[in-house]
Each structure stands twice: as C-alpha cells, then as structure tokens.
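Undergrad: Return atomic coordinates for the entry below.
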Amino acid sequence: MLRFKIKEMIARKEFDEGRRVTIAEVAEAAGIHRMTLSKLINQKGYNAGTDTLDRLCDYFQCKIEELVEHIPNEQSPEK
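TA: A predicted model of the protein is given here:
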C-alpha cells in the first residue's frame, strides 16, 4: 500500500513559512481538485494518478519519496 505524506508536507511548509497552509490553498496552487487532495489525505489506499503526484511534488518542491511511502502489505503465511 502507498501512504501519502501530505499532512507532513503541509506541516513542514507551515513551519518553513511561518503561516497556516490550508488544503484548499494546496489544491488550488497545485492545480488539483480539493476533494482529490482530501481523499489522498483521508482514504487509505486511494489511487492517485501520476499527474496528481507530479503536481504535488512541484508544489511542495520535493522528491516523490518525500511525498509517498510504500508500506508492505501484510501477507498471511502460506499453509
């Protein structure tokens, strides 16, 4: 599963700039729909397109590995 670290990126931007950053602001500046951003933040396993991830990386000026983390799926042992 992929985990999107958008909340962490927003917190870092808020700290760096010394101001509050809203989801609506991020969505508008990145050129993505606010609902898409909200789903990325709140829905486990939400499927994001590469264009969306590219826009978020541009907005946060980060590498993809700073925005997305791979969490291995738990697999039950085979019998």
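Undergrad: from here on, contacts and neighbour counts on C-alpha atoms
TA: Noted.
Undergrad: Relative to residue 16, how far out is residue 48?
TA: Residue 48 sits 26 Å away from residue 16, going by C-alpha to C-alpha, to the nearest Å.
Undergrad: Compare those two (neighbour count), which wins?
TA: Neighbour count, other C-alpha atoms under 10 Å: between residue 48 and residue 16, residue 48 has more, with 14 against 9.
Undergrad: thinking residue 14 is in contact with residue 23, fair?
TA: No. Here residue 14 does not reach residue 23: they are 11.8 Å apart, not a contact under C-alpha atoms under 8 Å.
Undergrad: shared neighbours of those two, which are they?
TA: By C-alpha atoms under 8 Å, 6 or more residues apart in numbering, residue 14 and residue 23 have no common neighbours.
Undergrad: contacting residues for the closest residue to residue 59 other than its chain neighbours?
TA: For residue 59, ignoring the flanking residues on the chain, the nearest one in space by C-alpha to C-alpha, 6 or more residues apart in numbering is residue 30 at 5.6 Å. By C-alpha under 8 Å, 6+ apart, residue 30 lies in contact with 55, 56, 58, 59.
Undergrad: switch to 10 Å and redo it
TA: 24, 37, 52, 53, 54, 55, 56, 57, 58, 59, 60 (C-alpha atoms under 10 Å, 6 or more residues apart in numbering).
Undergrad: Same question for residue 71.
TA: Counting by C-alpha under 10 Å, 6+ apart, residue 71 touches 1, 2, 3.
Undergrad: Quick one, which of those residues are buried?
TA: residue 3 (16 or more other C-alpha atoms under 10 Å).
Undergrad: any chance of the contacts of residue 71 in a markdown table, plus distance to residue 64, pLDDT and secondary structure?
TA: As requested, those are exported to a markdown table (distance: C-alpha to C-alpha, whole Å; pLDDT from 0 to 100; DSSP: H, G, I helix; E, B strand; the rest coil):
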| residue | distance to residue 64 | pLDDT | secondary structure |
| --- | --- | --- | --- |
| 1 | 15 | 86 | coil |
| 2 | 12 | 89 | strand |
| 3 | 12 | 91 | strand |
